[in-house]
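J.: this one's sequence-less:
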């Protein structure tokens, strides 16, 4: 069988600030608990030690990796935990030196000694972490790798033992953009229609529609919260939230009481070019300011790039098409998810492996393709939009100051969103017969660029702005 990646693998609801450094380790901790249950030793554990390696170690504190593993070991679910409870849970562990394993069994746990930051890299992947559980007369150890976008694997995935959890039987298996295009051409169908049929092989239409709308509602609420929250972001850089002030200047005296009414109010605002730029930037800033403060976001395809797709979809909803409804939303998200899966299969969505081209670049390509289809673009133009967007992100480094997903990460989401809109418009105005660069070539080029890139520019905070600007400067 082919490797089948669902839209819901690419667009996952979770907690910020990082999909590979927060959500991934959190999910790894959950899987470790499952292994302990399978070994029938969960109730016998007296201590757990967590070793973080490579990129997880180098930017772990800034990305809240230490908090994520504690929350995961505590049995909390990142998709559903009330975010206002996080501080209290961590504070209790810190002061009592106790962690309630799986929210059931209290064990001794001292953050300073039981979470170990190892700067050396494990050979399989830049984001490695090892859990070691101690029980009377027995030690159990397990190593996981957070490979981007919240995906977690064990090393045997690349060995003879094939990972079965993500194997399935899509009616239209897709690894390459060219394969997707053939399906569309042979059946005279849109990309979103092909994707929908694949999703129906895994779950009911009702479940697909419900989950797609839950993703959109999470995105909308995230933008709403970000636009109505002011103050300083946590972490020590003293970054002031900008979405609040920008939003106040744009929205004026409009009256509304919930996210949907807010959306309708924005449709009534002025839409000159400068205002459009500001609105799109405001939406993207809002999401990533929420992300930076451990708020709930949708990985799209990662937390660090979570603002691009919501910003571009919101642009379509409130500026481009005032008649846009939930069917357009679902169409947009399905196209975006499929384009993201092509990049994941052919390259990477992990900044620790490929720099920020793997995050902002991929999210911009996803958003460009999705926007192009809902605006009436052909499948050929949709793939061209993705190619244009990524082509102009190739080589983008990941160099977060202080290991925090704030500078330059938050602003990069605004740029990725604007590029996505531009790429979609260029594709709509181009005859695909005249295109020179197919999307698959760009995917391959991105992966080769990632492999050639110096490791200090891959989410290690050891190069670029991360060393040119230090915490003291802020």
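T.: Happy to help now that I have it. Model, not experiment: these values are computed from the prediction.

J.: just the strands in this protein please.
T.: 12-15, 47-54, 98-101, 105-108, 115-118, 127-135, 138-148, 151-153, 296-299 (DSSP state E).

J.: export these as CSV, with columns for mean pLDDT, distance to residue 79 and mean neighbour count.
T.: All C-beta spots, glycine's among them, are computed from the backbone N, C-alpha and C. Shown next, in CSV, are the strands of the chain (pLDDT from 0 to 100; distance: least, Cβ to Cβ, whole Å; neighbours: other Cβ atoms under 10 Å):
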stretch, mean pLDDT, distance to residue 79, mean neighbour count
strand 12-15, 92, 5, 24
strand 47-54, 96, 21, 22
strand 98-101, 96, 20, 20
strand 105-108, 96, 23, 14
strand 115-118, 96, 23, 17
strand 127-135, 96, 20, 23
strand 138-148, 94, 17, 20
strand 151-153, 93, 14, 21
strand 296-299, 96, 8, 28
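
J.: just put the ones you listed in JSON lines and tack on distance to residue 351.
T.: Shown next, in JSON lines, are the strands of the chain (distance: least, Cβ to Cβ, whole Å):
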{"stretch": "strand 12-15", "distance to residue 351": "16"}
{"stretch": "strand 47-54", "distance to residue 351": "12"}
{"stretch": "strand 98-101", "distance to residue 351": "29"}
{"stretch": "strand 105-108", "distance to residue 351": "33"}
{"stretch": "strand 115-118", "distance to residue 351": "18"}
{"stretch": "strand 127-135", "distance to residue 351": "10"}
{"stretch": "strand 138-148", "distance to residue 351": "7"}
{"stretch": "strand 151-153", "distance to residue 351": "13"}
{"stretch": "strand 296-299", "distance to residue 351": "13"}
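
J.: around the residue lying closest to residue 287 once chain neighbours are set aside, count how many other residues there are.
T.: Spatial nearest neighbour of residue 287, chain neighbours left out: residue 307 (3.7 Å); criterion: Cβ to Cβ, 6 or more residues apart in numbering. For residue 307, the count of nearby residues is 38 (other Cβ atoms under 10 Å).

J.: could you report the pLDDT at residue 307?
T.: On pLDDT, residue 307 comes in at 98.

J.: in this structure it contacts residue 292, no?
T.: No: here residue 307 does not reach residue 292: they are 10.5 Å apart, not a contact under Cβ atoms under 8 Å.

J.: what do those two both touch?
T.: Both residue 307 and residue 292 are contacted by residue 410, under the criterion Cβ atoms under 8 Å, 6 or more residues apart in numbering.

J.: ok, back up a step: between the strands of the chain, which gets nearest to residue 362?
T.: Closest to residue 362 of the strands of the chain, according to Cβ to Cβ: strand 138-148, at 9.3 Å.

J.: thought residue 398 was touching residue 355?
T.: Yes: counting by Cβ under 8 Å, residue 355 is a contact partner of residue 398 at 4.7 Å.

J.: mind checking which of those two has more residues around it?
T.: residue 398 (32 against 29).

J.: how much space between the more buried one and residue 118?
T.: 20 Å (Cβ to Cβ, to the nearest Å).

J.: measure stretch 181-201 end to end?
T.: 20 Å (Cα to Cα, to the nearest Å).

J.: hmm, who's touching that stretch?
T.: 4, 6-7, 168-172, 174, 180, 208, 330-331, 334-335, 337-338, 369, 373, 379-380, 382-383.

J.: would you agree residue 13 is in contact with residue 215?
T.: Yes: using Cβ under 8 Å, residue 13 is in contact with residue 215, at 6.7 Å.

J.: what's the overlap in contacts for those two?
T.: With Cβ under 8 Å, 6+ apart, residue 13 and residue 215 have common neighbours residue 298.

J.: pLDDT weak spots in the stretch 1-150 of the chain?
T.: 1-3 (pLDDT under 70).

J.: which residues of it fall in helices?
T.: 7-10, 24-38, 55-58, 65-73, 86-96, 111-114 (DSSP state H, counting those that start in this stretch).

J.: what about the closest residue to residue 342 other than its chain neighbours, neighbour count?
T.: Leaving aside its chain neighbours, residue 342 sits nearest to residue 177 (5.5 Å; criterion: Cβ to Cβ, 6+ apart). Neighbourhood size, residue 177 [other Cβ under 10 Å]: 26.

J.: list the contacts of residue 276.
T.: Here residue 276 is in contact with 315, 319 (criterion: Cβ under 8 Å, 6+ apart).

J.: how about 6 Å then?
T.: residue 319 (Cβ atoms under 6 Å, 6 or more residues apart in numbering).

J.: got it, and residue 54?
T.: So residue 54 contacts 121, 126, 128 (Cβ under 6 Å, 6+ apart).

J.: from residue 452, how far off is it?
T.: Residue 54 is 19 Å from residue 452, by Cβ to Cβ.

J.: is it correct that residue 288 is in contact with residue 415?
T.: No: with contact defined as Cβ atoms under 6 Å, residue 288 does not count as touching residue 415 (11.8 Å).

J.: which one's more surrounded, those two?
T.: Shown here are residue 288 and residue 415; by other Cβ under 10 Å, residue 288 has more neighbours (33 against 18).

J.: and the more buried one, what pLDDT?
T.: Confidence score, pLDDT, at residue 288: 97.

J.: beta-bridge partners for the closest residue to residue 41 other than its chain neighbours, please?
T.: Nearest residue to residue 41, sequence neighbours excluded (Cβ to Cβ, 6+ apart): residue 135, at 5.1 Å. Note on residue 135: beta-bridge partners by DSSP bridges are residue 138.

J.: in the chain, which residue is closest to the centre?
T.: Closest residue to the average C-alpha location of the chain: residue 302 at 1.5 Å, with Cα atoms, centre = their mean.

J.: state the pLDDT value of that residue.
T.: Predicted confidence (pLDDT) for residue 302: 94.

J.: make sure it is actually in contact with residue 359.
T.: Yes: counting by Cβ under 6 Å, residue 302 touches residue 359, with 4.7 Å between them.

J.: residue 246 versus residue 446, what's the distance?
T.: From residue 446 to residue 246 the distance is 31 Å (Cβ to Cβ).

J.: more neighbours, these two?
T.: residue 446 (27 against 18).

J.: may I have the phi/psi pair for the residue nearest to the more buried one when sequence neighbours are not counted?
T.: Leaving out its chain neighbours, the residue that sits closest to residue 446 by Cβ to Cβ, 6+ apart is residue 347, at 4.7 Å. Per-residue torsions, residue 347: phi -140, psi -110 (degrees, to the nearest 10).

J.: with the one 3 residues further on instead?
T.: Main-chain torsions, residue 350, degrees, to the nearest 10: phi -100, psi 120.
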